[in-house]
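In: Curious how this folds, go ahead:
(2 chains)
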Amino acid sequence: MLALGITLALLVIGYLFGRHAEQSHFERLREAEAQLQSLLMFSEKRIPPQFQPCEVKLVGGNTVIAVDYFKVMAAALRNFFGGRVAAYESLVERARRESIVRMKREAQALGASAVFNVRIETSSISKGAKEQQVSVEVYAYGTAVIPRHG
Amino acid sequence: MARFENRLPPENNVSPQHPLMEFSSLLAAVVVLVAVITAMLALGMHRLADQIPLEWEQSMAQAWSDDLRQASPAQTALDGLLDDLVRADPLPEGMTARATLIESEQINAFAGLGGEIIVHTGLVDAMRSENGLALVLAHELAHVRERHALRQASRHLGIALVGAFLLGESANMAELAIATTELGFSREQEMDADQRALENVVRLYGHLGGTDVVFSLLGDDVFLSDWFSTHPDLARRQRSVDAAIEQYGEGGETPLRPQWFERARPTSLAP
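Out: Next up is the predicted model:
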């Protein structure tokens, strides 16, 4: 009975805090993305002549986002029946977009006009460790192109 | 430079469904699934109980007749009444029943695994005649005959299995299942036992005189007891007794002989 109460409390706390954190995070992301919109970003490896001459630097942004208890339970229930794990979709989306924003901020600080060869890596922290909350890490990196005139 | 531009990040990567909606629908589906599996398993185990040999049941039973039995004239009288009932309606091959009288004010009697029956002295005191006592004893004997305790234990074991699977606890499942048989038998089992008991009292005495008092005694708030609480639908059962009395008629009551009240010195009931 106590275990059930704890589980229920964790679910409610997880849902309330997780939901609030997620919604405010998405708000901040949209703001930051709009701000950084002028800094271009491409997956293309070669830097086109329009951007040259230039100086290049490696830039990256890293984010770790933890799963809340509610999402763990929702995903566990989803495991029963299969299908899209909507609870984790938003988690990965947030991590990816936050990492890109951080990478772009670094590029902006360097005075870059664009980032080329953008790549995204992901890994799961505490993967394989039993009975531990899962966190997802996303690392975005690319080549910042800083214009050099003359 | 005008050829190069980025669009805003798309918002199509997260499913629009509200997380609580998804969660509750999934949870409901899981609950229904577990309920169906539990019901099927419980029913299956209940059926399977018929296949369990009597020796197995006896090895699981709590040996009240060894642990709690105390020699006394009252105990001998109880043995005699049980023998009379068994003679009137012999038990199936290999099955035995043992009744144990224990000192307690509760108006109570119950049947456990392996043909073990407990009768509280409070029940004997509350009865006006041997006939009423015979009805209660015949009722418990009917539970033994139909192996109701084992069926209930099997059913609870099925439920315990699902619980253990979900909660990851496997400790003492069988013991837990047997313990829950103290929660009582199902309504159908009680009605069946009543019917058989009434028939056997008629076989023994030739009539149902003195048995009508049993349910009014148990229905009385003053005597509210375990026997009452585990036996629902008292009014309905009373009606079936009344109908049986109408059918078989009433005769003279057999009074309880004095030896029913010569008891062993009181001891505490083992847990």
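
In: contacting residues around the closest residue to A:G61 other than its chain neighbours?
Out: Spatial nearest neighbour of A:G61, chain neighbours left out: A:R102 (2.8 Å); criterion: C-beta to C-beta, 6 or more residues apart in numbering or on different chains. No exception for glycine: its C-beta is placed from N, CA and C like everyone else's. A:R102 sits next to A:60-63, A:140 when contact means C-beta atoms under 8 Å, 6 or more residues apart in numbering or on different chains.

In: Just name the closest of those to chain B, please.
Out: When those are ranked by distance to chain B (C-beta to the nearest C-beta), A:A140 comes first, at 12.1 Å.

In: Show the pLDDT at that closest one.
Out: At A:A140 the predicted local confidence, pLDDT, stands at 96.

In: which parts of the strand or helix carrying it are buried?
Out: A:A140 belongs to strand A:135-147 when assigned by DSSP states H and E. Using 16 or more other C-beta atoms under 10 Å in any protein chain shown as the test for burial, strand A:135-147 gives A:135-136, A:138-145.

In: Pull up the residues of the stretch 1-150 of chain B that are close to chain A.
Out: B:1, B:3-6, B:8-9, B:13-15, B:17, B:19-20, B:22-23, B:26-27, B:29-30, B:33 (C-beta under 8 Å from any C-beta of the partner chain).

In: What remains of those if I keep only buried residues?
Out: Counted by 16+ other C-beta under 10 Å, those give B:9, B:19, B:22-23, B:26 as buried.

In: what secondary structure does A:A34 sit in?
Out: helix (DSSP: H, G, I helix; E, B strand; the rest coil).

In: Assess the claim that it and B:R7 are in contact.
Out: No: using C-beta atoms under 8 Å, A:A34 makes no contact with B:R7, being 11.9 Å away.

In: who's more crowded, these two?
Out: Legend: neighbour count by other C-beta atoms under 10 Å in any protein chain shown for A:A34 and B:R7, higher for A:A34 (11 against 6).

In: Spatially, and excluding backbone neighbours, which residue is closest to that one.
Out: B:L8 (7.1 Å).

In: Go ahead and confirm that neighbour touches A:Q37.
Out: Yes: the criterion here is C-beta under 8 Å, and B:L8 meets it with A:Q37 at 6.6 Å.

In: List buried members of the contacts of A:R102 by neighbour count.
Out: For the contacts of A:R102, buried by 16+ other C-beta under 10 Å: A:60-61, A:63, A:140.

In: for the helix or strand of chain A with the lowest mean pLDDT, packing partners?
Out: None of the helices or strands of chain A scores lower by mean pLDDT, DSSP states H and E than helix A:69-81, at a mean of 86. Secondary-structure packing of helix A:69-81 (3 or more C-beta pairs under 8 Å, 6 or more residues apart in numbering or on different chains; DSSP states H and E): helix A:2-35, helix A:86-109, helix B:19-48.

In: Next, the buried residues of the helix or strand following the shortest one.
Out: Going down the chain from helix A:86-109, the next helix or strand is strand A:114-125, by DSSP H and E. Of the residues in strand A:114-125, A:114-118, A:120 count as buried by neighbour count, 16+ other C-beta under 10 Å.

In: Other residues contacting strand A:114-125?
Out: Contacts of strand A:114-125 (C-beta under 8 Å, 6+ apart): A:39-47, A:51, A:59, A:64, A:92, A:95-96, A:99-100, A:103-104, A:107, A:134-145, B:4.

In: quick check: angle from it to strand A:135-147?
Out: Per axes from the mean of the first three to the mean of the last three C-alpha atoms, to 10 degrees, the angle that strand A:114-125 makes with strand A:135-147 is 170 degrees.

In: Partner strands of strand A:114-125, with direction?
Out: strand A:40-41 (parallel), strand A:135-147 (antiparallel) (DSSP bridges).

In: How about residue 104, nearest residue that isn't a chain neighbour?
Out: In the absence of a named chain, this looks at chain A. A:L36 is the one closest to A:K104 (C-beta to C-beta, 6+ apart), at 4.5 Å.

In: I was after chain B.
Out: B:H120 (4.1 Å).

In: give me every residue that touches B:L137.
Out: So B:L137 contacts B:78, B:81-82, B:85, B:99, B:109, B:117, B:119 (C-beta under 8 Å, 6+ apart).

In: for B:V162, same thing?
Out: B:34, B:37-38, B:41.

In: Apply 6 Å and report the result again.
Out: B:T38 (C-beta atoms under 6 Å, 6 or more residues apart in numbering or on different chains).

In: mind checking which helix or strand it is in?
Out: With DSSP H and E as the criterion, the answer for B:V162 is helix B:148-167.

In: Give me the buried positions along that helix.
Out: Result for helix B:148-167 [16+ other C-beta under 10 Å]: buried residues B:148-164.

In: Chain B versus the most centrally placed residue in chain A, what's the distance?
Out: Here the mean C-alpha position of chain A is nearest to the C-alpha of A:A95 (C-alpha atoms, centre = their mean), at a distance of 1.6 Å. Computed as C-beta to the nearest C-beta, to the nearest Å, the A:A95 to chain B distance reads 11 Å.

In: Just confirm that residue contacts A:I65, I think it does.
Out: Yes: the pair A:A95 and A:I65 passes the contact test of C-beta atoms under 6 Å, sitting 4.7 Å apart.

In: Between these two, which contacts overlap?
Out: Common neighbours of A:A95 and A:I65 (C-beta under 6 Å, 6+ apart) are A:V136.

In: Tell me who's in contact with B:R155.
Out: Contacts of B:R155 by C-beta under 6 Å, 6+ apart are B:42, B:45-46.

In: and if we set it to 8 Å?
Out: By C-beta under 8 Å, 6+ apart, the contact set of B:R155 is B:42-43, B:45-46, B:49.

In: Make a ChimeraX selection of the buried ones in these.
Out: ChimeraX command restricting the contacts of B:R155 to the buried ones, with burial defined by 16+ other C-beta under 10 Å:
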select /B:42,45,46,49
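
In: Save the contacts of B:R155 as a markdown table, and put in pLDDT and distance to A:E55 too.
Out: Formatted as a markdown table, the contacts of B:R155 follow (pLDDT from 0 to 100; distance: C-beta to C-beta, whole Å):
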| residue | pLDDT | distance to A:E55 |
| --- | --- | --- |
| B:A42 | 79 | 74 |
| B:L43 | 83 | 77 |
| B:M45 | 80 | 76 |
| B:H46 | 77 | 80 |
| B:A49 | 79 | 83 |
